[in-house]
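Engineer: Sequence and predicted structure, then a few things I'm wondering about:
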Amino acid sequence: MHIPDGYLSPATAAIAYGAAAPFWYQASRRVKETLRGHEAPLVALFAAFSFTVQMLNIPVPGGTTAHAVGGTLMAVVLGPWAAVIGVSTALIIQALFFGDGGVTAIGANCFNMAIALPLAGYAVYRLIAGRDPSPGRRTLAASVGAYVGINVAALLTGIELGVQPILWSEGGRALYNPYGLEVTIPAMMVVHLTLAGFAEAAITGLAVAYLQRTHPLLFKQGAEAASRGLGRSGWGLVGALAVLVVLTPLGLLAPGGADFEWGADELRELVGYVPAGIAELGELWQWAPLRDYQLPGMPGDAAIWQQAPGYMLSAVIGVGLIFALFFMARIVLSRRAS
């Protein structure tokens with residue numbers, strides 16, 4: 001679901017940044033107190049979870065892959081605005097350091113996965129859960145919300161990609177993404193209405209059920225929630241994240257890449273030409289140090305066991321960057337408040 005550079009026109013990319021900006025602004029205002037308080041490590045932890053779970057690719061029919069996001073889970077536990085900040089942070093780090101998603105498409109990818117997904121998922125969760133849900137009802141509500149949220153993100157992605165050849169073509173050839181709405185929407189929705197959507201729902205439901213048993217304070221409201229944070233019991237969550245990091249190479253077992261994330265050579269084979277925008281912008285960002293979550297020089301056809309160390313190292317570095325950013329944000333916000 002990560003849109004690469006060149007698949008969206010500069011105008012579309014600019015509109016997406018503009019659409020995301022008000023949500024980023026509102027989220028930064030809403031979570032300012034959270035980020036300078038004892039809940040900041042929780043935000044970092046769930047953002048890191050979103051980062052790592054996106055590395056666990058799921059094989060889907062047709063030889064492509066998909067992944068979960070974890071945005072609704074974060075919204076259910078910490079609130080939707082914290083999810084906007086957390087998942088956006090994960091997506092920006094993916095683009096800048098690992099070349100996963102285009103730099104020009106950060107606005108679109110964040111709007112789809114870090115804004116629309118958690119806000120839609122949380123809205124459905126609140127609708128089903130009600131004011132004081134039982135543990136079972138909360139788990140069900142979170143699962144359904146996660147399923148809806150990721151499909152909303154998939155639909156938006158399909159629309160953004162599908163309008164490109166309608167709006168920007170020259171000489172019968174698309175300048176950016178070459179596939180129209182009749183291809184992009186079914187391709188995105190079939191995958192996410194089936195495998196990816198149920199994976200997101202299952203991960204969210206299992207996590208909420210586990211957290212209700214082991215960390216019930218995370219779901220308290222008002223004064224009871226004032227002291228929630230990682231604390232000593234929170235080290236269990238850190239341990240679970242560490243296990244997930246170790247397991248990330250399992251994502252390499254899924255063959256192929258995701259739809260609409262093809263390189264120039266693949267597109268030439270698929271449609272017979274490389275759209276001019278993709279040829280110009282496809283390699284725009286050259287400074288991702290661990291592109292594709294691999295060590296520099298690793299051939300694309302290397303065996304899985306050869307790729308696994310770089311993949312796991314990328315997970316460790318990504319998680320470390322997320323915690324470092326939130327730690328620095330906490331220091332800066334605390335100093336401004338003093």
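Structural biologist: In hand now; what should we look at?

Engineer: And for residue 45, the neighbour number?
Structural biologist: Counted with other C-beta atoms under 10 Å, the burial measure for residue 45 works out to 24 neighbours. The way it works is simple: take the backbone N, C-alpha and C, and place the C-beta from them, glycine included.

Engineer: ditto for residue 253
Structural biologist: The criterion is other C-beta under 10 Å. On that basis, residue 253 has 11 neighbouring residues.

Engineer: contacting residues for it?
Structural biologist: Neighbouring residues of residue 253 by C-beta atoms under 8 Å, 6 or more residues apart in numbering: 59, 304.

Engineer: Show the model's pLDDT score for it.
Structural biologist: Residue-level confidence at residue 253 comes out at 91, pLDDT.

Engineer: And it, how far from residue 34?
Structural biologist: Remark: distance between residue 253 and residue 34 (C-beta to C-beta, to the nearest Å) = 37 Å.

Engineer: Quick check: phi and psi at the residue lying closest to residue 5 once chain neighbours are set aside.
Structural biologist: Of all residues not flanking residue 5 in the chain, residue 102 sits nearest, at 3.2 Å (C-beta to C-beta, 6 or more residues apart in numbering). For residue 102, the backbone dihedrals (degrees, to the nearest 10) come out as phi -80, psi 150.

Engineer: wait, what's in contact with residue 44?
Structural biologist: 86, 322, 323, 325, 326, 327.

Engineer: rerun at 7 Å
Structural biologist: 322, 323, 326 (C-beta atoms under 7 Å, 6 or more residues apart in numbering).

Engineer: next one: residue 191
Structural biologist: Contacts of residue 191 were listed using C-beta under 7 Å, 6+ apart, and they are 60, 66.

Engineer: what does residue 134 give?
Structural biologist: Contacts of residue 134 by C-beta under 7 Å, 6+ apart: none found.

Engineer: Flag the shaky bits of the stretch 1-150 of the chain, pLDDT-wise.
Structural biologist: By pLDDT under 70, the stretch 1-150 of the chain has no low-scoring segment.

Engineer: hey, where'd the strands end up in it?
Structural biologist: Remark: strands assigned in the stretch 1-150 of the chain by DSSP state E, counting those that start in this stretch are 58-60, 64-66.

Engineer: winner for burial among the ones you listed?
Structural biologist: Sort the strands of the stretch 1-150 of the chain by mean neighbour count, taking mean count of other C-beta atoms under 10 Å, and strand 64-66 sits at the top with a mean of 22.

Engineer: Given that one, what are its sheet partners and their directions?
Structural biologist: Strands adjacent to strand 64-66 in the sheet, as given by DSSP bridges, are strand 58-60 (antiparallel).

Engineer: what residues are up against residue 141?
Structural biologist: Taking C-beta under 7 Å, 6+ apart as the definition of contact, the neighbours of residue 141 are 125, 128, 129, 133.

Engineer: Which residue, other than its chain neighbours, is closest to residue 173?
Structural biologist: Once its chain neighbours are removed from consideration, residue 173 has its nearest residue in residue 273; the separation is 6.0 Å (C-beta to C-beta, 6+ apart).

Engineer: Quick check: nearest residue in space to the residue most central in space within the chain, chain neighbours excluded?
Structural biologist: In the chain, the C-alpha nearest the mean C-alpha coordinate belongs to residue 69, at 4.6 Å (C-alpha atoms, centre = their mean). For residue 69, the nearest residue in space outside its immediate sequence neighbours is residue 113; the separation is 5.3 Å by C-beta to C-beta, 6+ apart.

Engineer: burial count for that neighbour?
Structural biologist: By other C-beta under 10 Å, the burial measure for residue 113, its neighbour count, is 29.

Engineer: That one against residue 1, yeah?
Structural biologist: Yes: with contacts counted by C-beta atoms under 7 Å, residue 113 reaches residue 1, the gap being 6.3 Å.

Engineer: Quick check: neighbours shared by those two?
Structural biologist: Counting by C-beta under 7 Å, 6+ apart, the residues touching both residue 113 and residue 1 are residue 153.

Engineer: ok so, going back, for the contacts of residue 141, pick the one with the most neighbours.
Structural biologist: Neighbour count (other C-beta under 10 Å) singles out residue 125 as the most crowded of the contacts of residue 141, with 28 neighbours.

Engineer: ok, it - contacts?
Structural biologist: 72, 76, 141, 142, 145.

Engineer: One more pass at 10 Å, please.
Structural biologist: Listed by C-beta atoms under 10 Å, 6 or more residues apart in numbering, the contact set of residue 125 reads 72-73, 75-76, 80, 118, 133, 138, 140-146, 148-149, 204, 208.

Engineer: now do residue 22
Structural biologist: Listed by C-beta under 10 Å, 6+ apart, the contact set of residue 22 reads residue 115.

Engineer: how much space between it and residue 295?
Structural biologist: Counting by C-beta to C-beta - residue 22 and residue 295 are separated by 39 Å.

Engineer: try residue 27
Structural biologist: When distance is defined by C-beta to C-beta, residue 27 is 34 Å away from residue 295.

Engineer: So which of these two has more stuff around it?
Structural biologist: Applying other C-beta under 10 Å to residue 27 and residue 295 shows that residue 27 carries more neighbours, namely 22 against 16.

Engineer: any idea how far the residue nearest to residue 69 lies from residue 196?
Structural biologist: When C-beta to C-beta is the yardstick, residue 113 and residue 196 sit 12 Å from each other.
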